[in-house]
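Engineer: Have a look; sequence and predicted model below, questions after that.
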Amino acid sequence: MEAGKFRGWIRILLLALGVLLLLAGTLLAYVGAAVADESGFVRRVTESLRDERVSAYAAQEIVDALIEEQPDLVAVRPLLAGTVQALISSEVARTVIGTGARAAHHLLFTDVGEDLLFTLEDVNVLVRSTLAQSHPALAQRLPESLTARLEEEFALRASSEIAGHVVRAAQRSRRWGIPLLVSGALLLGFATSFRVPLSRGFIRLGVVLVASGMSLDLVRRGGGAIVASASRDPAPRDAIMGVWDAFLLGLSGWVLALAALGLLLLAVPLGVALRSGARPVLARAWRWLRTERPGPGHRGARALGLVALGGVLVVHPGAVLSVLAAVLGATAGFAGLVEGFAVLLVHVRGLDVPGIDEIAGQVRAQLKVGAGILLGTMGALVAAALALVPSYERVWLEGAGCNGAVALCAVPLDRVVFATTHNSMAAGDEPGWLIPNHEVGIGPQLADGVRGLMIDVFYGARAQGRVLTELADEAKSRAVYERVVGREGVEAALRIRSRLLGESTGRRALYLCHGFCELGATPLDEGLRTIARFLRGHPREVLVIVVQDDPVDPRDFAEAVAHAELLPHVYRGPVVPPLPTLGELIDRDERVLFLSEAHGGVVPWYHAAYEGLLEETPYHFESAEQLSCAPHRGGDHGALFLLNHWITAPPAPLPSRAALMNSEPFLLRRIAECERARGRLPNLVAVDFYRTGDLLRVVRRLNERALDGSASAVTRAR
């Protein structure tokens with residue numbers, strides 16, 4: 001008995017190792033052929049550009065290069081991105097990029113290589129000519145040559161250590177794939193046939209091969225999402241999944257081959273046992289499905305299965321029908337194989353094959369092996385996904401510091417300086433935003449060190465891919481919006497609304513917009529979830545968020561905060577001095593102070609900004625010479641002081657202006673002037689294009705002053 005158990009465990013071990021080698025060998029052989037083979041590589045690269053996720057990311061990279069050369073182009077980023085994406089998806093561009101991919105492949109996989117400049121110059125010409133036809137004025141603003149920029153980007157990537165690893169991995173895949181595949185197949189054959197009847201060996205090997213094919217299909221379908229989960233930025237994640245789909249599409253042939261071979265092996269003993277053909281097998285399967293099983297476990301499982309099937313069928317009917325068609329096709333093909341072997345072997349005598357009942361019992365027993373293979377594959381995929389979850393999604397401890405410094409933990413909230421972004425949601429890297437105020441959105445801002453956010457919230461509804469601003473009281477709403485974007489901006493948005501968008505097609509919801517959602521909108525839930533995710537991953541950080549919410553019911557905003565799971569982190573204490581220290585806020589996990597410009601006090605934790613809590617400077621300046629430190633909203637007795645530091649001259653906020661405004665000398669000079677005029681340091685230093693200039697460095701210096709006790713006597717007295 002002990003020897004039998006030992007042999008059983010050895011057989012299971014050999015079986016698991018064989019499956020692992022088979023799957024690894026199949027993947028390596030395929031990847032080696034897909035990446036190392038020049039023609040296959042080029043074909044898959046150009047095919048991936050048909051995927052909207054890939055073309056959008058490629059367009060983003062090109063537009064980033066353009067904006068880095070000419071920063072003020074950020075104001076028309078959506079126009080650039082749309083034009084370049086359409087160009088990249090075109091047949092002409094795919095031909096050019098395919099030529100570049102061939103040259104890149106030759107460069108990476110050989111020691112000779114070819115000059116890529118002609119390809120890069122072709123991309124330069126294509127971008128220019130396309131923009132010249134669609135947006136002539138915009139084309140004139142492009143840098144003189146994109147080639148040098150693209151060449152630099154390629155050189156950096158091609159010479160990087162990562163590229164070298166990829167090349168070497170592809171070469172190893174080409175060498176080791178087939179040997180591992182053959183070794184796995186031989187090991188499986190030995191493990192399934194050693195000292196067992198021939199019929200059982202056929203059945204076990206057939207089940208293993210079918211399960212291996214299904215496991216390989218799980219990797220093909222889900223591997224892209226798992227690999228993409230390692231990226232922090234949604235755009236690369238989507239692009240990775242698109243490239244994965246393009247490169248691994250051909251793996252479906254291997255999946256079908258493994259499954260077909262397994263079904264063939266299963267059909268042999270059934271065909272021998274059933275000389276009369278496949279009808280008894282189908283009849284037995286139908287009787288098994290119809291058998292009533294009164295136990296609560298069976299009935300509960302059936303109920304859950306039916307509910308799950310119904311839900312998936314409602315949400316994804318096409319996918320379910322495709323799966324059902326595949327199952328029906330596999331069943332029909334298997335029945336045909338059984339029938340075929342029955343016909344071939346109907347006159348053969350002397351075959352020692354068990355009866356149909358014993359064969360059916362063996363099949364049921366081996367199905368447990370197949371289920372184990374599938375569960376093992378799913379477990380490995382889940383483990384890989386957990387291992388690749390970005391660090392910002394996990395809770396991690398930052399020592400004993402508060403907002404980046406241990407000493408700040410003992411400093412009251414009204415003595416800390418927060419790097420703050422004006423119109424935080426209006427970002428050049430957010431889809432569809434015209435006239436952005438920043439290079440990147442709220443997530444990257446927080447990761448960079450921004451701790452104060454100024455956001456605008458409005459009602460809107462979806463219409464033809466954009467968002468229509470809700471104008472319940474058009475005259476009142478127009479007055480509010482004119483204060484935000486000016487009369488010209490309002491008129492432009494209304495033209496977009498009437499000519500392009502038409503009537504809304506979606507339900508009313510809250511959006512992060514600057515005045516008119518037609519010029520750019522992000523769902524409020526999405527923005528708040530980004531903030532909540534950051535706070536969960538950074539438990540030693542405190543934020544101040546100022547909300548412009550003129551047309552919004554504060555209860556709707558509070559509901560959105562709760563829905564985004566941000567409510568547990570909200571500050572609920574009093575807003576009159578003495579305010580708590582950062583350490584006290586962190587200990588209570590009340591690390592977000594929400595200030596409302598229009599509706600504070602309706603919800604207890606949603607505080608009125610300009611009723612004794614916040615004072616500010618004016619915020620409308622059309623030139624640096626107009627900057628003023630005079631009291632504005634909130635008078636001069638607020639617990640917190642907001643320094644508005646940006647230029648609002650038409651036609652749009654521009655990085656070229658921010659380069660001056662946010663430079664360390666200019667920013668420190670303005671802060672010193674306002675400190676003398678108001679008798680205190682600002683708590684919120686709010687700027688446009690925070691990555692342009694020295695905002696974060698200046699804020700660190702100001703907090704160091706507070707920690708050193710070197711602030712002015714008036715500031716210390718307060």
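Structural biologist: Structure received.

Engineer: Restricting to C-alpha, output the strand ranked longest in the chain in PDB.
Structural biologist: Identified as the longest strand of the chain according to DSSP state E is strand 452-463. Taking C-alpha atoms only, strand 452-463 is exported to PDB below (Å, rounded to 0.1, in the frame of the first residue of the first chain):
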ATOM      1  CA  GLY A 452      -3.100  71.400  -1.800                       C
ATOM      2  CA  LEU A 453      -5.700  71.000  -4.500                       C
ATOM      3  CA  MET A 454      -8.100  73.600  -5.900                       C
ATOM      4  CA  ILE A 455     -10.900  71.800  -7.900                       C
ATOM      5  CA  ASP A 456     -14.100  73.000  -9.600                       C
ATOM      6  CA  VAL A 457     -17.300  70.800  -9.600                       C
ATOM      7  CA  PHE A 458     -20.300  71.200 -11.900                       C
ATOM      8  CA  TYR A 459     -23.200  69.200 -13.100                       C
ATOM      9  CA  GLY A 460     -23.100  67.700 -16.600                       C
ATOM     10  CA  ALA A 461     -24.300  64.900 -18.800                       C
ATOM     11  CA  ARG A 462     -22.600  62.800 -21.600                       C
ATOM     12  CA  ALA A 463     -23.200  63.900 -25.200                       C
END
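
Engineer: Could you point out the helix or strand that follows that strand?
Structural biologist: strand 466-469 (DSSP states H and E).

Engineer: Okay, now the sheet partners of that following strand, with direction.
Structural biologist: strand 452-463 (antiparallel) (DSSP bridges).

Engineer: pLDDT of the partner strand, averaged?
Structural biologist: Strand 452-463 shows a mean pLDDT of 90 in the predicted model.

Engineer: Show me which residues of it are buried.
Structural biologist: 452-463 (16 or more other Cβ atoms under 10 Å). (Each C-beta comes from the backbone N, C-alpha and C, glycine too.)

Engineer: Out of the residues you listed, which is nearest to residue 381?
Structural biologist: Nearest to residue 381 out of those is residue 462 (Cβ to Cβ; 34.3 Å).

Engineer: Now do the closest one against residue 524, distance only.
Structural biologist: According to Cβ to Cβ, to the nearest Å, residue 462 and residue 524 sit 14 Å apart.

Engineer: And the host helix or strand of residue 224, what does it pack against?
Structural biologist: Taking DSSP H and E as the definition, residue 224 sits inside helix 198-228. Here helix 198-228 touches helix 2-31, helix 161-193, helix 234-248, helix 251-273, helix 356-388, going by 3 or more Cβ pairs under 8 Å, 6 or more residues apart in numbering; DSSP states H and E.

Engineer: follow-up on the earlier one: of all the buried residues of strand 452-463, which comes closest to residue 219?
Structural biologist: residue 462 (36.0 Å).

Engineer: Quick check: beta-bridge partners of the closest one?
Structural biologist: With DSSP bridges as the rule, residue 462 is bridged to residue 467.

Engineer: Stretch 311-322 - what's its average pLDDT?
Structural biologist: 69.

Engineer: first to last residue in that stretch, what's the distance?
Structural biologist: 16 Å (Cα to Cα, to the nearest Å).

Engineer: ditto for stretch 563-578
Structural biologist: 31 Å.

Engineer: any idea of the mean pLDDT in that stretch?
Structural biologist: 92.

Engineer: tell me which residues of it are tucked away?
Structural biologist: Using 16+ other Cβ under 10 Å as the test for burial, stretch 563-578 gives 564, 566-567, 569-571, 575.
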